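S.K.: got a sequence here, can you build the structure:
(one chain, ligands or ions: 1)
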Amino acid sequence: MKDYLDKDPWKIVENSLHTDYNEVSESIASLGNGRLGGRGNFEERFNGPSLQGNYIAGVYYPDKTKVGWWKNGYPEYFAKVINSVNWIGMDVWIDGEDFELFPDQIKEFRAELDMKEGILRRTTVAELPNGKQIKIESERFYSMVDKDNAYLKYSLTPLNFSGEVCIAPYLDFNVINRDSNYEEGFWKRNDEGIDQRWGYVYSQTKKTAYHVLAGMKINTMLNGQSIALDYDAVKQNSFVEYQPKLKLNEGETFTIEKYCCICSSLYHEVSTLSESCQSQLEQSFEEGFEKAKIKHINKWDSIWNDCDISINGDVSAQQGIRFNIFQLYQTYNGDDARLNIGPKGFTGEKYGGVTYWDTEAYCLPFYLSTTDQSVAKNLLIYRYRHLQKAIENATKLGFSHGAALYPMVTMNGEECHNEWEITFEEIHRNGAIAYAIYDYIRYTGDNEHLKDYGLEVLIAISRFWRQRVNWSEPKQKFVILGVTGPNEYENNVNNNWYTNYIACWCMQYTMEAIAYVEQSHPEAYKNLCEKLDFNAKYESTRWQEIIDSMYLPSDKERAVFLQQDGFLDKNLMPAKNIPADEYPIHQNWSWDRILRSCFIKQADVLQGLYFFEDHFDKETIKRNFNFYEPLTVHESSLSPCVHAILAAKIGNYPKAYEMYLRTARLDLDDYNNDTKDGLHITSMAGTWMSVIKGFGGMRIINDTLSFDPFIPENWSSYSFKIKFRSHTLKLIVSHEGVNILNLSDEKIEILLKGQKQSIFPKEVQTIS
Ligand code: BGC
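M.R.: Model (predicted):
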């Protein structure tokens with residue numbers, strides 16, 4: 001665990017450069033606006049560890065698969081959201097000499113990620129080998145309003161000398177991915193150009209042919225006032241640079257405002273890319289840096305107004321939760337159903353910005369409660385649009401008649417994961433996609449979604465389950481063989497309880513959805529049956545047979561569900577017996593030792609109890625929690641949040657708090673020693689859930705919003721807002737009780753600790 005950042009409720013501050021952790025700091029200081037994003041790299045050339053990263057949502061490259069032993073059915077490629085144009089770059093010359101930032105030259109350093117405003121600021125004082133001291137100040141942001149635009153202000157002040165300074169802003173498309181499988185370049189150069197009006201670089205991805213044109217304009221300033229300068233403009237392959245110079249007296253400041261616009265063919269016709277880029281640049285230049293910044297800050301203000309969680313009495317927890325919320329909104333803000341939420345967002349290369357089951361299982365509830373309903377809906381439509389590919393995927397694996405297996409990892413609907421035990425076996429992901437439909441409808445009441453999109457997806461998923469089960473003669477039950485459950489520290493197991501349970505649930509829910517659509521939209525239902533060649537009577541009967549006779553492993557003596565067949569044969573011991581220096585076990589143990597052990601990577605049976613908690617009584621949840629949690633090593637970032645929520649549910653508040661702390665500061669404190677690869681974006685939504693569903697006890701019970709809050713001992717109070725259908729509520733929870741404020745115009749009935757309460761508009765209701 002690293003603890004080198006200042007604790008502040010709204011800022012992440014690094015007060016001196018920690019060179020060894022620089023790649024961790026770069027991940028943490030990442031910025032984004034849902035469309036563009038990048039790591040917190042330095043603008044000038046830096047002589048220290050660094051992973052350069054600038055990304056564009058949806059712009060990916062199919063990197064040819066590299067595996068040791070090819071298995072039939074493996075995808076040909078892994079999709080990567082790739083490193084894109086470096087727009088922040090600044091070359092610096094001081095009295096004609098190249099300046100490169102060396103860590104040992106740094107005298108003062110402060111990097112500040114301002115989460116309230118969405119701005120990254122840095123101040124550096126450096127002393128060059130010849131004794132000259134300079135101060136560099138920079139601030140930058142990706143506009144949350146004009147989403148193709150990015151802004152940078154970069155200033156340099158000579159502190160103990162007078163001389164000539166050149167600050168040269170550039171755009172550079174000569175970029176590579178560190179994780180490229182065959183050290184290939186992913187971009188093909190199209191063109192570049194520069195004159196006094198603007199400079200641009202223009203490339204396209206190989207194979208996928210996304211066109212990206214990045215343009216820049218600059219404003220030069222002396223001591224805060226614009227100053228017209230004549231300067232050189234340099235052009236090389238995929239690189240353009242302005243080279244303005246200024247003679248400065250000691251203490252004078254030379255500033256460059258760099259206006260950038262990064263247009264991709266995802267949002268602009270290829271034929272108009274250049275025109276769109278130029279005209280957006282002109283507009284933002286006209287508007288000016290400060291005005292664009294205010295617009296951007298105001299947008300963040302309104303986002304925070306809806307989704308902030310405020311914690312009093314624990315600045316570390318406060319900083320942690322805001323960091324999570326901030327990074328989530330920087331990654332995805334839901335205005336485009338073609339986009340999704342990569343586990344690392346725009347903060348690194350690992351997991352390539354692609355989509356996992358994380359979105360449905362962990363991220364959806366965050367967006368459901370904190371923003372407009374259309375955002376969560378877009379996440380569902382994303383999967384609806386991929387349905388045909390999911391059917392093709394299942395067909396390739398030998399399934400038929402419209403059965404769909406959604407991919408474990410995808411960009412465009414095609415599977416691109418390539419480890420057999422996950423690609424072919426971690427089929428529970430289909431369940432999460434069905435569950436998200438249910439979760440969305442339960443929350444929003446938007447039943448129409450079933451008619452328009454949901455039912456078609458559900459039928460295809462249920463068709464898959466029907467073909468994936470088989471009848472076991474000895475057991476006289478249906479079984480599901482050869483799977484990997486959410487706990488990836490077990491592979492190729494039989495009858496993973498979670499998978500078997502969610503498979504049945506999917507079929508059950510599909511039948512309920514059919515009944516609803518058939519009754520309320522008979523015409524649409526008839527059309528769908530024709531389109532899908534769906535014989536409801538026949539297929540539902542088969543589904544019901546499976547539901548009635550599914551094998552669900554359990555242990556009578558302990559009265560717990562069994563993670564899989566044979567789980568009790570393992571040498572059971574608590575994870576706390578593992579010596580501290582052997583954590584994380586996936587980095588320290590051989591794989592076979594992990595597979596044979598009883599240790600669990602992330603919630604598995606407990607994931608099922610979390611999804612379906614209203615199917616089980618509290619005692620059952622408690623027994624299973626007390627059996628499985630001690631065996632769990634939480635080596636997936638997705639694990640602690642589920643445990644926090646269940647611990648709160650069974651009244652184990654200290655455990656709930658312990659689990660919350662593990663998720664909230666996972667990246668800030670680099671718990672898993674992997675933040676340098678990028679942030680754990682999808683688990684950040686789990687952190688939010690730990691507070692809202694865990695501490696706040698929020699649930700939807702029969703269309704009614706329900707809370708069962710508690711407060712961790714060392715917090716004095718916490719508050720949050722929830723959007724629910726046409727209502728917005730604010731809850732303030734303290735040791736004295738709960739204040740509920742209804743911010744909408746209509747009364748709302750809620751449940752508080754199981755009791756009905758009417759909360760009237762614009763009134764605060766205090767409940768001790
Ligand atoms: C987890 C998966 C998850 C993936 C991406 C893995 O470590 O085990 O459940 O989907 O990370 O976040």
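
S.K.: please make it C-alpha for all contacts and neighbour counts, starting now.
M.R.: OK.

S.K.: quick one: R35 and V81 touch, right?
M.R.: No - R35 is beyond contact range of V81, at 11.8 Å (criterion: C-alpha atoms under 8 Å).

S.K.: now do the shared contacts for those two.
M.R.: 56-57 (C-alpha atoms under 8 Å, 6 or more residues apart in numbering).

S.K.: for the stretch 651-768 of the chain, which residue gets nearest to the ligand?
M.R.: Closest contact between the stretch 651-768 of the chain and the ligand, by C-alpha to the nearest ligand atom, is at T682 (6.6 Å).

S.K.: and stretch 68-86, C-alpha only, in CSV?
M.R.: The C-alpha coordinates for stretch 68-86 follow below in CSV (Å, rounded to 0.1, in the frame of the first residue of the first chain):
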residue,chain,number,x,y,z
GLY,A,68,0.9,-20.2,-26.6
TRP,A,69,-1.5,-22.9,-27.6
TRP,A,70,-4.2,-22.1,-30.0
LYS,A,71,-7.7,-23.6,-29.2
ASN,A,72,-10.4,-23.8,-31.7
GLY,A,73,-12.9,-21.1,-31.2
TYR,A,74,-10.4,-18.5,-30.0
PRO,A,75,-11.0,-15.1,-31.4
GLU,A,76,-8.5,-13.8,-33.9
TYR,A,77,-7.8,-10.5,-32.1
PHE,A,78,-8.0,-8.6,-28.8
ALA,A,79,-9.6,-5.2,-29.2
LYS,A,80,-7.7,-2.4,-27.7
VAL,A,81,-8.7,1.2,-27.2
ILE,A,82,-5.4,2.5,-28.4
ASN,A,83,-2.9,5.2,-27.5
SER,A,84,-3.8,8.1,-29.7
VAL,A,85,-2.4,11.5,-30.6
ASN,A,86,-0.3,13.2,-27.9
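
S.K.: what's it in contact with?
M.R.: 52-65, 171-177, 186, 214, 349, 351-354, 396-397, 410-411, 415-420, 423.

S.K.: emit the ChimeraX select command for whichever of these are buried.
M.R.: The ChimeraX selection below is limited to those of these classed as buried (16 or more other C-alpha atoms under 10 Å):
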select :52,53,54,55,56,57,58,59,60,61,62,63,64,65,171,172,173,174,175,176,177,186,214,349,351,352,353,354,410,411,415,416,417,418,420,423
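
S.K.: restricted to helices, list the contacts of stretch 68-86.
M.R.: Taking DSSP state H as the definition of helices, the contacts of stretch 68-86 contribute 396, 420, 423.

S.K.: SS state for Y74?
M.R.: Three-state assignment for Y74 (DSSP: H, G, I helix; E, B strand; the rest coil): coil.

S.K.: same check on H268?
M.R.: Assigned by three-state DSSP, the conformation of H268 is coil.

S.K.: give me the neighbour count for it.
M.R.: Counted by other C-alpha atoms under 10 Å, the residues lying close to H268 total 16.

S.K.: distance check, it against the ligand.
M.R.: 31 Å (C-alpha to the nearest ligand atom, to the nearest Å).

S.K.: for the protein, what lies in contact range of the ligand?
M.R.: 343, 356-358, 486, 488, 636 (C-alpha under 6 Å from any ligand atom).

S.K.: want to throw the residues you listed into TSV with pLDDT and distance to K132?
M.R.: Output for the residues of the chain next to the ligand, formatted as TSV (pLDDT from 0 to 100; distance: C-alpha to C-alpha, whole Å):
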residue	pLDDT	distance to K132
P343	89	44
Y356	96	51
W357	98	54
D358	97	51
P486	98	57
E488	98	55
S636	93	48
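
S.K.: quick one: contacts for P486?
M.R.: P486 touches 426, 428, 602-604, 607, counting by C-alpha under 8 Å, 6+ apart.

S.K.: recalculate using a threshold of 6 Å.
M.R.: With contact set as C-alpha atoms under 6 Å, 6 or more residues apart in numbering, P486 has these partners: D604.

S.K.: wasn't it part of a strand?
M.R.: No - using three-state DSSP, the assignment for P486 is coil, not a strand.

S.K.: in the longest helix anywhere in the chain, what's buried?
M.R.: In the chain, with assignment by DSSP H, the single longest helix is helix 497-520. Across helix 497-520, burial judged by 16+ other C-alpha under 10 Å covers 497-511, 513-514, 516-518.

S.K.: contacts made by that helix with the rest, please.
M.R.: When contacts are defined by C-alpha under 6 Å, 6+ apart, helix 497-520 is touched by residues 428, 431, 451, 458, 462, 525, 543, 547, 552, 563-564, 605, 608.

S.K.: cool, and stretch 660-672?
M.R.: For stretch 660-672, contacts defined as C-alpha under 6 Å, 6+ apart pick out 1-3, 320-321, 644, 675, 687.

S.K.: so V733 sits against S717, correct?
M.R.: Yes - using C-alpha atoms under 6 Å, V733 is in contact with S717, at 5.5 Å.

S.K.: the more surrounded of those two?
M.R.: Neighbours were counted for V733 and for S717 using other C-alpha under 10 Å; V733 has more, 25 against 20.

S.K.: and the more buried one, which of the three is it?
M.R.: Classified using three-state DSSP, V733 is strand.

S.K.: then the one 3 residues further on?
M.R.: Judged by three-state DSSP, the three-state class of E736 is coil.

S.K.: show me the strands in the stretch 351-500 of the chain, by range?
M.R.: All strands of the stretch 351-500 of the chain, identified by DSSP state E, counting those that start in this stretch, fall at 470-472, 477-479.

S.K.: tell me which of those is the most buried.
M.R.: Among these, the stretch with the highest mean neighbour count (mean count of other C-alpha atoms under 10 Å) is strand 477-479, at a mean of 21.
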